[in-house]
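Undergrad: sequence and predicted structure below; questions after.
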Amino acid sequence: MSEKTPPEGEPAAPVPAPTVVRKSKSRISWIWLVPLVAALAGLSLVVRTWMEVGPEITIQFDTAEGLVVGQTQVRYKNVVIGMVKHIHFNDDRSKVLVDVSLEKESADIAREGTRFWVVRPRLGFSGVSGLGTLLSGAYIGVDLQEDSEARGKPERLNFVGLETPPPITHDREGRHFTLKAADLGSLDIGSPVYFRRINVGRVVGYKLDQNGGSVDVDIFIDAPNDRYVTQHVRFWNASGVDVSVNADGLKLRTESLVSLAIGGVAFEPLDSADSDKPAEENSAFKLYSSELEARSVPRGIAYPVRMRFDQTVRGLSVGASVDFQGINLGTVTGLNIDFDTDKKRFYAIVDATLYPERLGRVLDNIKSRVQPNEQASDALLRVMVKYGLRAQLRPANLLTGQLYIVLDNFPNAPKVEYQLTDPPFIPTVPGQFDQLQEQVSSILTKIEKVPFDQIGTNLRDTLASTSRLMTQIDKQVTPEARAMLKQARQSLDTMDRLLAPDAGLASNTQRTMQELDRAARSLRALTDYLQSNPESLLRGRGNDPIPGSGPVKN
């Protein structure tokens, strides 16, 4: 709207002066709230990120094969718990350091006892592993203990990774045991452990003992088969092929084809009385070199003895059996040689270890009768030697020439005065082969007594006389014999001519035979007539009767 204009001639009304009001200025502008809110939001994101991010750890490997920054994951039980952030060398570039960022909820993994390794495709005698990484790529595997004691272990940020996957993870149920072996043989980490030829565990580690005299082999038996490891089981090395040549012949034995390549261990509880008592974890057992050695381990108190053999002991070795009545009573433990100053000859000293408790009730009876100051084993040996107990070498195998010792009763053996020594001596008798040698030697001695020279001279004279006789026969008898043979041939020719079909002798002989036949018939008729008419010898023959005229006397 416009203001009204006053009429002309009237004065204009005065205009009041405007009033200026100044507004008060604020010290802080509201525009600054925007960056402040943005800063707070960013800070909260940083704090939240910092709160969610777990610790960063460094893992040392020999090589970074298959590892990629930002792509290689860290997995525990196939769950992603971290990522590789950086890969670099150590100070001397001998190792590769891998920086890994773990998630917050997996922060307790970074503690003592945790193991890391790179999972990649692996092919070995024990099997194939890591085939899934052919498509997804390699990743870092984790193994840790999930118990209350392990959770309380201190945190750790630097680890040394494994170059191969651990043979046994901590979440696998079972128990560890230690085997004491003289040497490792063909065993290796991952070698199987067999029970009745069933794979129940594996070798997880080995090391030398403190003094270096043996090897400690760590094995793991899976549950529930670990209950079969009792206090009296025996372990033996089942690697390769077990070849034994003894009195039974050649034997070949193996647990499986895998054990041929990477070795193996087998065990069995050989003492049924204690088979229901499982052994405690980490118990130590002896690892025998073969099943035969494990099964032949003696029971009872060892009783060392010594034997002297005045013959060769070639074929007898340490470990050979000492039998009594077909029972293995002990083994040979040593072979030595000594010199006899009286006989001026060397002889063999054989040390052996016997286990008299294998004789059973015999030893128990001796214990009840033995004197207080005498051991039952000494008393038993004294009595048995008195009644002819002797040791003898016998062949165990004719093909290999192996020998073993037999304790047997020899009633005809020379009497021996038994004296207790340390160790006790067992009298010996020559072996069967040596007896055969003695018999052959005796025969040769008798043959040597035969006067072969005189026999040869007489034989030569006899042959000379025979030669002279043959010469004389050739000069005198031979011509006469030749003439005699000639005359005999002429006589045979004459006889041949006489016996020819066209000769007169044959026809004359035939006529003569016919005449003889007629004479025989006439004589038969005469004989029949005289039998019927004996009176004809006195009266003569009468007239012949007329046929039909009267009775005829027959």
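TA: All right, it came through fine. The shown structure was predicted, so the numbers you read here are calculated from the model rather than taken from an experiment. Residues are numbered from 1 along each chain as shown.
Undergrad: would you mind identifying the next helix or strand past the lengthiest strand in the chain?
TA: When the chain is parsed with DSSP state E, its longest strand is strand 327-340. Next helix or strand after strand 327-340 toward the C-terminus (DSSP states H and E): strand 345-354.
Undergrad: helices and strands around the very next helix or strand once past that next one, which ones?
TA: Of the helices and strands lying after strand 345-354 in sequence (DSSP H and E), the nearest is helix 361-369. Contacts defined by 3 or more CB pairs under 8 Å, 6 or more residues apart in numbering; DSSP states H and E place helix 361-369 against helix 376-386. C-beta coordinates here come from the backbone N, C-alpha and C atoms, glycine included.
Undergrad: wait, Pro167 touches Pro192, no?
TA: No. If you go by CB atoms under 8 Å, Pro167 and Pro192 don't touch, sitting 10.8 Å apart.
Undergrad: who has more neighbours, the two?
TA: Pro192 (22 against 18; other CB atoms under 10 Å).
Undergrad: confirm Ile87 sits in a helix?
TA: No. Under DSSP: H, G, I helix; E, B strand; the rest coil, Ile87 falls outside any helix and is assigned strand.
Undergrad: picking that back up, quickly list what's touching both of Pro167 and Pro192.
TA: Common neighbours of Pro167 and Pro192 are listed as Arg202, Val203 (criterion: CB atoms under 8 Å, 6 or more residues apart in numbering).
Undergrad: list the contacts for Gly82?
TA: Contacts for Gly82 were tallied using CB under 8 Å, 6+ apart; they are Gly54, Gln73, Val74, Val100, Ser101, Leu102, Glu103, Ser106, Ile140.
Undergrad: TSV for the residues you listed, including pLDDT?
TA: Converted to TSV, those look like this (pLDDT from 0 to 100):
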residue	pLDDT
Gly54	75
Gln73	90
Val74	91
Val100	92
Ser101	89
Leu102	88
Glu103	85
Ser106	82
Ile140	91
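Undergrad: CSV for those residues, including distance to Asp422, secondary structure and neighbour count?
TA: Output for the contacts of Gly82, formatted as CSV (distance: CB to CB, whole Å; DSSP: H, G, I helix; E, B strand; the rest coil; neighbours: other CB atoms under 10 Å):
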residue, distance to Asp422, secondary structure, neighbour count
Gly54, 72, strand, 18
Gln73, 72, strand, 18
Val74, 68, strand, 24
Val100, 69, strand, 25
Ser101, 74, strand, 15
Leu102, 70, strand, 21
Glu103, 74, strand, 17
Ser106, 69, helix, 18
Ile140, 66, strand, 24
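Undergrad: in stretch 379-394, which residues are buried?
TA: By neighbour count on 16 or more other CB atoms under 10 Å, the buried set for stretch 379-394 is Ala379, Leu380, Leu381, Arg382, Met384, Val385, Gly388, Leu389, Arg390, Ala391, Gln392, Leu393.
Undergrad: these two touch, right, the first one and Ser368?
TA: This points to Ala379. No. Ala379 is beyond contact range of Ser368, at 10.9 Å (criterion: CB under 8 Å).
Undergrad: show me where pLDDT drops low in the stretch 151-300 of the chain?
TA: 151-154, 240-262, 271-276, 297-299 (pLDDT under 70).
Undergrad: strands of that one, start to end?
TA: Under the criterion DSSP state E, counting those that start in this stretch, the stretch 151-300 of the chain contains strands at 158-160, 174-181, 192-195, 198-208, 215-222, 233-237, 242-246, 249-253, 265-269, 284-288.
Undergrad: what packs against the first one?
TA: Here strand 158-160 touches strand 53-61, going by 3+ CB pairs under 8 Å, 6+ apart.
Undergrad: in the strand it packs on, what counts as buried?
TA: Neighbour counts over strand 53-61 (16+ other CB under 10 Å) mark Gly54, Pro55, Ile57, Ile59, Phe61 as buried.
Undergrad: can you redo the residues you listed as a markdown table with distance to Arg227?
TA: Formatted as a markdown table, the buried residues of strand 53-61 follow (distance: CB to CB, whole Å):
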| residue | distance to Arg227 |
| --- | --- |
| Gly54 | 40 |
| Pro55 | 41 |
| Ile57 | 39 |
| Ile59 | 37 |
| Phe61 | 39 |
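Undergrad: between those residues, which is nearest Lys449?
TA: Phe61 (89.8 Å; CB to CB).
Undergrad: correct me, but that closest one touches Val100?
TA: No. Using CB under 8 Å, Phe61 makes no contact with Val100, being 11.3 Å away.
Undergrad: now the helices for the stretch 351-500 of the chain?
TA: Listed in chain order, the helices of the stretch 351-500 of the chain (DSSP state H, counting those that start in this stretch) span 361-369, 376-386, 432-449, 452-472, 478-498.
Undergrad: weakest of these by average pLDDT?
TA: Here these differ in mean pLDDT, and the lowest is helix 432-449 at a mean of 69.
Undergrad: out of the helices of the stretch 351-500 of the chain, deepest packed?
TA: Highest mean neighbour count of these: helix 376-386, a mean of 18 (counted as mean count of other CB atoms under 10 Å).
Undergrad: circling back to that earlier point, any chance of CSV for the helices of the stretch 351-500 of the chain, columns distance to Val350?
TA: Formatted as CSV, the helices of the stretch 351-500 of the chain follow (distance: least, CB to CB, whole Å):
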stretch, distance to Val350
helix 361-369, 23
helix 376-386, 16
helix 432-449, 15
helix 452-472, 42
helix 478-498, 74
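Undergrad: Asp340 is nearest to which of these?
TA: It's helix 432-449; of these, that one is closest to Asp340 (CB to CB) at 16.8 Å.
Undergrad: and Leu287, what does it touch?
TA: Counting by CB under 8 Å, 6+ apart, Leu287 touches Leu179, Lys180, Ala181, Val217, Phe235, Trp236, Asn237, Val265.
Undergrad: remind me, longest helix of the chain?
TA: Determined from DSSP state H, the single longest helix within the chain is helix 504-532.
Undergrad: can you state the direction angle for that one and helix 478-498?
TA: 60 degrees (axes from the mean of the first three to the mean of the last three CA atoms, to 10 degrees).
Undergrad: name the helices or strands packed onto helix 504-532?
TA: In this structure, helix 504-532 makes packing contacts with helix 536-539, judged by 3+ CB pairs under 8 Å, 6+ apart.
Undergrad: quick one, what contacts Trp117?
TA: Ile140, Gly141, Asp143, Gly161, Leu162, Glu163, Thr164, Pro165, Pro166.
Undergrad: please export the C-alpha coordinates of the host helix or strand of it as CSV.
TA: In this assignment (DSSP H and E), Trp117 forms part of strand 115-119. Only the C-alpha atoms of strand 115-119 are listed here, as CSV (Å, rounded to 0.1, in the frame of the first residue of the first chain):
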residue,chain,number,x,y,z
ARG,A,115,51.0,-74.3,17.1
PHE,A,116,50.8,-72.9,13.5
TRP,A,117,51.6,-74.5,10.2
VAL,A,118,50.8,-73.9,6.5
VAL,A,119,48.1,-76.2,5.1
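Undergrad: tell me the angle of it relative to strand 53-61?
TA: Using the same axes, to 10 degrees, strand 115-119 lies at 70 degrees relative to strand 53-61.
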